[in-house]
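>>> Got a predicted structure here, sequence first:
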Amino acid sequence: MNILILSISLVGVVEPAAPTAASPPPELAAPSGTPVEATGETSSVASDASDHDPFDLAEADAQGSHGPPSSAGSAGSAGSAGSPTQAAVSPVIRPQHAAAPSDVSATGDGPSEAVPPSSPAVARKVWPQRAIRYRLDAALATGTTWYQDDAYAAFDEDRVRTALQLSVRGDLPLAGNHFFLGATLGYRGTTSDRSILGDELSGRIRLREPTLGGRLSYNVFDGLDLYAQADAGPSFIETSLGTSNSNNTAQARVTFVGEGLAGFAVYLPKKWLRRRGSARSSVGLEGSAGYQFRPKIAVSPQPGRDEGDLIDLTTSPLGSLALRGALLQLGLFIRFM
Amino acid sequence: MSDHRIFPLAIGFASIAAGSIACEHNADRFGQSWLYDAPQSTDSSLTYIDHTHHEVLFATPDADRLTLTRRSLGSADEEATLWSRVTRNGASLLVLTGPVNAKKEHVSEKLYRFSADGTSDPVVTELSAPFNSVALSPDYQHAVLYFSGAVPGEVLHNSNLVAIVDLTSATVAHEMTLQGFGGQLTSVHFPGQVADGVPNPVLVGDHQRDIVAFLAEGEIILADMASPGANQPAVSLADTSGVNPVATLLRPGNAMYPAPTLFVRFKGGSDVSMLSLRAKDDAEDAFTFTQSLLGVGRGTSDFVFYDDAETPMLVAANGRENGLIFTDIRTQQTFTIGLGSGVGSLFLRKNESASGSVDQAVVWSQGGTTVYTLDLDDIENVVGRLPTEYRVNGGIRDLVVLDNNRVLVGAPDRLVIIDFARDQITPFAIQSDYSSFESGLYDDRLILGSPGQSWISTVNLNTLAPESMLLDDNVDSFHFLPASGMVVATHNDDAGKLTVTPAGELSRTKSYVHWGFLLEGLLDRS
């Protein structure tokens, strides 16, 4: 990592301290590549953010604050500003205009005794606004479905089922940087059971569903997205019925699950993040509502049987099950961009 | 997205969610048990009364699959099933329903008559009382509904009210109050019908009468099912013969003794009442009887009538006398032929011998060790005729008449087939107790099954070669369905499990197990 830091330093520019009252505040810093006059701590500006790996910047920042290059920050003092060695090591550090007593005397704004006492040089890093070229989210959400078909009550007490869902998604900005279009990949699994028919039998159902979908987001402002999402995938449904005579039955079915959601995502905007316009990650929460659909399936579990020469078995269907209904999702996500 | 688009979407979603939540608050339809009665078999189906849904489930097997048919018995909220019974020929299932509780006073009792497989609409007969017992005539033509003992939940009921239902048509039931002496009705007999499926009316005066006998404490009342409006002759027997009549037998009139005669046996009594029926002189469509007593001694447990060449006789099996007591019904003279220990039950068969066909008495008793046969031809003139004895080691638990020549005897550790024509006794060792074995006869094959066993067995009655088929589960109940020739063994499973195998060829490869038929449609039922 030190090698990277070194490479950044080598491509920097060393300028003499040139304090000026017209310098813009840090948050209004010029775009990448523009020398920025800093007012706080040691500031390090990449000559062209688009040409640099942002993680290099992070390392540079860390090192600039605490490591050996930080000593270059002391170049804000007049005594060291002209040092070729220092310039070569800390090319993007610019001394603060109010930090050097020599500058005060140079402007002739007042006697030297009116100058505030000399203070340590304070430089502040300025993070350029970095355009978002992609977004990659990892999300953990709980999805609650109100199943319309009361046949589901044979497997769950209340017909309202909450499932934990993991998903990753990525999207790219469309023209204008307000719309993002991307894909999601998710997985959820849930199991429920209950005693039925006067505790004579027990019903159990297990769902495992990997899903793939698309998502269209509208960035209202930095920190709030509205989105619409559609997911689909195979639904692995296992149903079983246990009787008090220990004749357990089971059935595994593969069917289809599809769902449509509309919701919002709120997340920490860049300006709240330490790296501001150059922030590469954020966290947020999201909520959505929609409808989840699965085709109606016939439930006809088969009794478990021992190995051997058994008499042929036929079974009666227990009926049909349509797992569909309103869906509400709430979750947390971490975003990389 | 503009507001006018968002709003309908929000409304739509709210509707879906509200609908889902509303469904959630419905009663838990999976919490209640599904209550079924034990199965009964018609000649083609197993029938289950589903008390939860107030339905009848018909499970009809064929060689490949099980067909299920459900028939409603009315509203489960208002009506309940009181009892059900398969008719003696297996052609119908009778179900009596009534109000589910006393508050449903607008609900009347109904008798449903379903076909054997439930595929056709039932015949429904309205009744006026929740009868708790039914007697089915051996000729398959009538059902007589009556009260036997107290009726739970009934504050007041007419214990002498009966209903005669014609099972051959859809006519209304004939309800009537017995014109007796107030004794509590205990049983209903059809004394003239001695063979299944054979109507046997007797000629009383100018009328063919289908006599039904109502046995009550200390009395007996007669009625004519062919003419239910006719009078009901009754007699109090407590002072003459005994307290509780337990058995009846009707002898049609013939040249030897023209009057049709009803014999009544009493529990613990030493006499048999003989009621000679005749038309009532002073009334139209009325009949009456003349009573006399036949002394047969205490210990008589069964009787038949038999006409010797010249003598009409009553033959009584008497355990105390260890023999048969023959009584001339004209002169009341008696004689006894001793058999040995173990005399209890009695029936007649035709014995084909070199001298021709003769009547033969077959005598046995539960707990006894011997089955006796005694030729009855010219019995009153033969001195010292000895019975033929067939010994059954271990004791007789039950005896099933297979046909005119063969009986099946159950013993604790064996089954025995006695072939009277061949004078042959064939024991079959069994692995465990067949105390309550069920049997069926299919062509020349005897089908056997017993609860608790995991086997269904068959015996070829020509070769007497047994064959058994191992099931995958123990038998809970055993049924032979003659119409389809299938044997059905049910197994203990809450969801319903049975094994079907063809009676003609017991084979695992030709059998199948069906599971879950009691819960079919569980998820779809409301």
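The structure has been received and is ready for your questions. Numbering: from 1, shown residues only, chains lettered A, B, ... in the order given.
>>> how about the strands in the stretch 151-300 of chain A?
A:160-173, A:179-196, A:201-221, A:224-243, A:249-267, A:281-293, A:297-299 (DSSP state E, counting those that start in this stretch).
>>> didn't residue B:373 look like it was pressed against residue B:348?
No - at 10.3 Å, residue B:373 does not count as touching residue B:348 under the criterion of Cβ atoms under 8 Å. Bear in mind the C-beta positions are built from the backbone N, C-alpha and C, glycine included.
>>> any shared contact partners between these two?
Jointly contacting residue B:373 and residue B:348 under the rule Cβ atoms under 8 Å, 6 or more residues apart in numbering or on different chains are B:360, B:361, B:362.
>>> Can you name the residues bridging to the last one?
On DSSP bridges, the residues paired with residue B:362 through beta bridges are residue B:347, residue B:373.
>>> Residue B:148 belongs to a helix?
No - the assignment for residue B:148 (DSSP: H, G, I helix; E, B strand; the rest coil) gives coil, which keeps it out of a helix.
>>> dump the residue contacts of it.
Here residue B:148 is in contact with B:132, B:133, B:185, B:186, B:187 (Cβ under 8 Å, 6+ apart).
>>> Looking at those, state which has the most neighbours.
residue B:185 (22 neighbours; other Cβ atoms under 10 Å in any protein chain shown).
>>> pretty sure that residue is touching residue B:160, no?
Yes - with contact defined as Cβ under 8 Å, residue B:185 counts as touching residue B:160 (6.4 Å).
>>> Let me see the contact set for the nearest residue to residue B:512 once chain neighbours are set aside.
The shortest distance from residue B:512 to any residue other than its chain neighbours is 4.5 Å, reached at residue A:312 (Cβ to Cβ, 6 or more residues apart in numbering or on different chains). The neighbours of residue A:312, taking Cβ under 8 Å, 6+ apart as the test, are B:511, B:512, B:513.
>>> that older thread, please enumerate the shared neighbours of residue B:185 and residue B:160.
With Cβ under 8 Å, 6+ apart, residue B:185 and residue B:160 have common neighbours B:147, B:178.
>>> and the closest residue to residue A:252 other than its chain neighbours, how far is that from chain B?
Closest residue to residue A:252 apart from its sequence neighbours, by Cβ to Cβ, 6+ apart: residue A:238 at 4.9 Å. Distance, residue A:238 to chain B, by Cβ to the nearest Cβ, to the nearest Å: 15 Å.
>>> Identify the residues contacting residue B:85.
Residue B:85 neighbours (Cβ under 8 Å, 6+ apart): B:40, B:93, B:94, B:134, B:136.
>>> and the residue of the stretch 401-526 of chain B nearest chain A?
Here the residue of the stretch 401-526 of chain B nearest chain A is residue B:523; by Cβ to the nearest Cβ that distance is 3.0 Å.
>>> can you pull the contacts of that residue?
Residue B:523 makes contacts with A:151, A:154, A:299, A:318, A:319, A:320, A:321, as judged by Cβ under 8 Å, 6+ apart.
>>> per-residue confidence at the second one?
According to the model's per-residue confidence, residue A:154 sits at a pLDDT of 91.
>>> Surely it and residue B:521 touch.
No - using Cβ under 8 Å, residue A:154 is not in contact with residue B:521; the gap is 11.7 Å.
>>> out of those two, which sits in the more crowded spot?
residue A:154 (26 against 14).
>>> how many other residues sit next to residue B:203?
Neighbours of residue B:203 (other Cβ under 10 Å): 15.
>>> So it sits against residue B:250, correct?
No - here residue B:203 lies out of contact with residue B:250, judged by Cβ under 8 Å, at a distance of 11.7 Å.
>>> list residues touching both of these two?
residue B:260.
>>> that older thread, show me what the residue nearest to residue A:252 is bridged to.
With DSSP bridges as the criterion, residue A:238 is bridged to residue A:206, residue A:252.
>>> Could you measure from it over to residue B:183?
Applying Cβ to Cβ, to the nearest Å, the value for residue A:238 to residue B:183 is 65 Å.
>>> what does the model give the closest residue to residue B:350 other than its chain neighbours for pLDDT?
Leaving aside its sequence neighbours, residue B:350 sits nearest to residue B:357 (Cβ to Cβ, 6+ apart; 5.0 Å). Looking at residue B:357, its pLDDT stands at 87.
>>> before we move on, what about residue A:171?
91.
>>> Also residue A:146?
94.
>>> All the helices of chain B, residue numbers only.
B:3-24 (DSSP state H).
>>> Any idea how many residues pack against the closest residue to residue B:57 other than its chain neighbours?
Nearest non-adjacent residue to residue B:57, counting by Cβ to Cβ, 6+ apart: residue B:48, 4.3 Å away. By the criterion of other Cβ under 10 Å, residue B:48 has 24 neighbours.
>>> now swap in residue A:232 and tell me
16.
>>> if we can go back for a sec, save the shared contacts of residue B:373 and residue B:348 as JSON lines, and put in neighbour count too.
Formatted as JSON lines, the shared contacts of residue B:373 and residue B:348 follow (neighbours: other Cβ atoms under 10 Å in any protein chain shown):
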{"residue": "B:360", "neighbour count": "21"}
{"residue": "B:361", "neighbour count": "24"}
{"residue": "B:362", "neighbour count": "22"}
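>>> any low-confidence regions in the stretch 351-500 of chain B?
Residue ranges of the stretch 351-500 of chain B with pLDDT under 70: B:431-437.
>>> what residue ranges in the chain are flagged as low confidence?
By default, I'm working from chain A. A:1-124, A:245-247.
>>> sorry, should have said chain B
In chain B, residues with pLDDT under 70: B:1-27, B:150-155, B:238-243, B:431-437.
>>> now the end-to-end length of stretch B:423-442.
22 Å (Cα to Cα, to the nearest Å).
>>> Equivalent analysis for stretch A:125-142, please.
For stretch A:125-142, the end-to-end distance is 40 Å (Cα to Cα).
>>> for it, which positions count as buried?
Across stretch A:125-142, burial judged by 16 or more other Cβ atoms under 10 Å in any protein chain shown covers A:125, A:126, A:127, A:128, A:130, A:132, A:135, A:137, A:139, A:141.
>>> List just the nearest of those to chain B.
Closest to chain B, out of all of the buried residues of stretch A:125-142 and judged by Cβ to the nearest Cβ, is residue A:141, at 17.8 Å.
>>> excluding its backbone neighbours, what's nearest the closest one?
That would be residue A:331: by Cβ to Cβ, 6+ apart, it lies 2.6 Å from residue A:141.
>>> Any idea what the one you found is bridged to?
As for beta bridges, residue A:331 partners with residue A:141, residue A:286 under DSSP bridges.
>>> That one touches residue A:286, doesn't it?
Yes - with contact defined as Cβ under 8 Å, residue A:331 and residue A:286 form a contacting pair (5.5 Å).
>>> got any residues that touch both of those two?
Common neighbours of residue A:331 and residue A:286 (Cβ under 8 Å, 6+ apart) are A:139, A:141.
>>> so which of the contacts of residue B:523 also contact chain B?
A:151, A:154, A:299, A:318, A:319, A:320, A:321 (Cβ under 8 Å from any Cβ of the partner chain).
>>> what does the stretch 201-337 of chain A have sitting close to chain B?
So the stretch 201-337 of chain A meets chain B at A:201, A:203, A:226, A:241, A:243-245, A:247, A:249, A:262, A:289-291, A:299-303, A:305, A:309-321, A:325-326, A:328 (Cβ under 8 Å from any Cβ).
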